[in-house]
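Participant: quick one, fold the following:
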Amino acid sequence: MNTDILQKIIAEWVQGTEIPELTPREQAGLDLGRLRQILAVVGPRRAGKTYFLYQMISELLGTGKTGRGEILFVDFEDYRLKDFRPEDMERLLAAFYQITGRPPRYLFFDEIQRLPSWSRVLRTLHNSRKYIIVVTGSNATLLSSKIATELRGRYEDRLILPFSFREYLRYRGIAWNRPLLATPESGIIARAFDEFLRYGGFPELAGLAGETVKRRLLQTYFDTIFYKDVLDRHGIRARYLLELMMRNMLEGYASMFSISTFEKQIKAHGQAGSKRSIAEYLRHLEEAFFITMCEKFDYSPRKRMMNPKKIYLMDTGFSLLGGAFAENRGHLLENTVALGFFRSRRRMLYYKGKGECDFIIQQGLRPVEAWQACWELNVSNEKREIKGLLEAMHELKIKAGGILTYGQEETRSVDGVTLRILPVWKWLLAYSGEE
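Facilitator: Numbers count the residues shown, from 1 in each chain. Next comes the predicted model:
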């Protein structure tokens, strides 16, 4: 690797690269000065992982105790680094010393998977105990489960998803506090929630005006996941099957997905596809952060695995790419609740007995909360929604639970159980694990 190129890249960073204006992400308890393991920032494409690195760098510089001369930031997607090899890491560090007159203390490596043998390089750097290391990577190649194997316990991770509703409001410049939620002014927040629900939280999308432009950008995200993160990465030949599955999910999100049923459906239309292939593709789509899956609650791991999964899109904006003639507001709402639980890294399952309950939240080995999600409680669904919720709470001995709706708010006592009925947007702001 040409040393002059390395020096130029480092000089650009140290002397000139401006840190863009940021919407701070909500990641509590992160003290880089005390970090002893490699920090891996994981999440979907275009969710803001690189900007999260900039946020950390900005916070370091803001303390006044750290200067750019102690920070090495490298984007391995820089075309000038296409020939960079593991043995060039020493040249990179030497070039930094030559430019700044000191070795770096902090290493920020964006898209580290572009570097061949990246895990070996990171292990070597970490073992030297000279650096505080933060890395990001493509969602398809640098997932926490993979890092655990590659880095052998030398890492901790941070999950970066598209904007939460709190972050979305901050990006839009909408201030709020808990007293405001009980006043007519809360209508401003409710209106912002309507947009968040429909268009999702991808940061770049939030800054665009017009549905056509938003849809076009979401299509590029979809295509990147389809081609780069799944099709090419896993060498999939049955392109039609993968496309059928992804299109099915764009319309059937927040619904059950049965591998057996899907196999029968495609065969009925003259298409080939085995249960094994469908199960593999399903796993690839989850690893690529296109979907998250919710298993049926059961104490038996085998039964959980065998039962149909509930599928949720990793961002509700993707629903704009579906072919449905009408927007399913109830499914959008439920999908948003699922992402709230996923963001807080709480394990969620669904309950199905005589009735159904959308979300069972498990803590350790115990189910501790039960929640329904529906657009509106009315005469046609109220009995069913409450019955399913109470059945889950009684059967699993859960004391906390409620129903999340679009706009209703009250507390009810039913069969000796206190149920909270809350608007989802208030729950996201004040009651969920996003706090």
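Participant: tell me, what residue is most central in this structure?
Facilitator: Leu161 (3.3 Å; CA atoms, centre = their mean).
Participant: check contacts around that residue.
Facilitator: For Leu161, the contact set (CB atoms under 8 Å, 6 or more residues apart in numbering) comprises 43-44, 47, 201, 314-315, 339, 342-343. Glycine gets a C-beta too; all of them are placed from N, C-alpha and C.
Participant: tell me if it really is in a strand.
Facilitator: No - using DSSP: H, G, I helix; E, B strand; the rest coil, the assignment for Leu161 is coil, not a strand.
Participant: what about it, distance to Gln271?
Facilitator: According to CB to CB, to the nearest Å, Leu161 and Gln271 sit 33 Å apart.
Participant: leaving out chain neighbours, which residue sits closest to Phe202?
Facilitator: Of all residues beyond its chain neighbours, the one nearest Phe202 is Pro162 (4.6 Å), with distances taken as CB to CB, 6 or more residues apart in numbering.
Participant: wait, that neighbour sits on Pro44?
Facilitator: Yes - here Pro162 lies in contact with Pro44, judged by CB atoms under 8 Å, at a distance of 6.8 Å.
Participant: would you list every one of the strands in the stretch 1-150 of the chain?
Facilitator: 38-42, 71-75, 106-110, 132-136 (DSSP state E, counting those that start in this stretch).
Participant: who does the third one touch, helix- and strand-wise?
Facilitator: Contacts defined by 3 or more CB pairs under 8 Å, 6 or more residues apart in numbering; DSSP states H and E place strand 106-110 against helix 49-62, strand 71-75, strand 132-136.
Participant: hang on, Gly252 packs against Ile311?
Facilitator: Yes - the criterion here is CB under 8 Å, and Gly252 meets it with Ile311 at 6.9 Å.
Participant: and the two? which has more neighbours close in?
Facilitator: Set Gly252 next to Ile311 and count neighbours by other CB atoms under 10 Å: Ile311 wins out with 24 against 16.
Participant: just to be sure, the more buried one is in a strand?
Facilitator: Yes - checked against three-state DSSP, Ile311 lies within a strand.
Participant: domain assignment for the protein?
Facilitator: 3-160, 167-431 (automatic domain parsing).
Participant: could you report the neighbour count for Lys275?
Facilitator: 11.
Participant: what's the answer for the one 5 residues further on, then?
Facilitator: Neighbour count of Glu280, defined by other CB under 10 Å: 13.
Participant: cool, and Glu243?
Facilitator: 12.
Participant: cool, and Met245?
Facilitator: 25.
Participant: next: Ala238.
Facilitator: Ala238: 17 neighbours (other CB under 10 Å).
Participant: how about the strands of the stretch 1-150 of the chain, which one is nearest Glu280?
Facilitator: Nearest to Glu280 among the strands of the stretch 1-150 of the chain is strand 38-42; the distance by CB to CB comes to 21.2 Å.
Participant: who are the packing partners of that closest one?
Facilitator: Secondary elements touching strand 38-42 (3+ CB pairs under 8 Å, 6+ apart): helix 49-62, strand 132-136, helix 144-150, strand 155-159.
Participant: now do the first one against strand 132-136, angle only.
Facilitator: Just to be clear, that refers to helix 49-62. Between the axes of helix 49-62 and strand 132-136, defined by axes from the mean of the first three to the mean of the last three CA atoms, to 10 degrees, the angle is 150 degrees.
Participant: please spell out which residues along helix 49-62 are buried.
Facilitator: Neighbour counts using 16 or more other CB atoms under 10 Å place 49-57, 60 of helix 49-62 among the buried residues.
Participant: what's the distance between the residue nearest to Phe202 and Phe196?
Facilitator: Distance of Pro162 to Phe196, given as CB to CB: 10 Å.
Participant: ok, now Glu111?
Facilitator: Separation of Glu111 from Phe196 (CB to CB): 28 Å.
Participant: those two - which one has more neighbours?
Facilitator: Using other CB under 10 Å as the criterion, Glu111 and Phe196 rank with Phe196 on top: 25 against 21.
Participant: the helix or strand hosting the more buried one: what's the following helix or strand?
Facilitator: According to DSSP states H and E, Phe196 maps onto helix 186-199. Using DSSP H and E, the helix or strand that follows helix 186-199 in sequence is helix 203-206.
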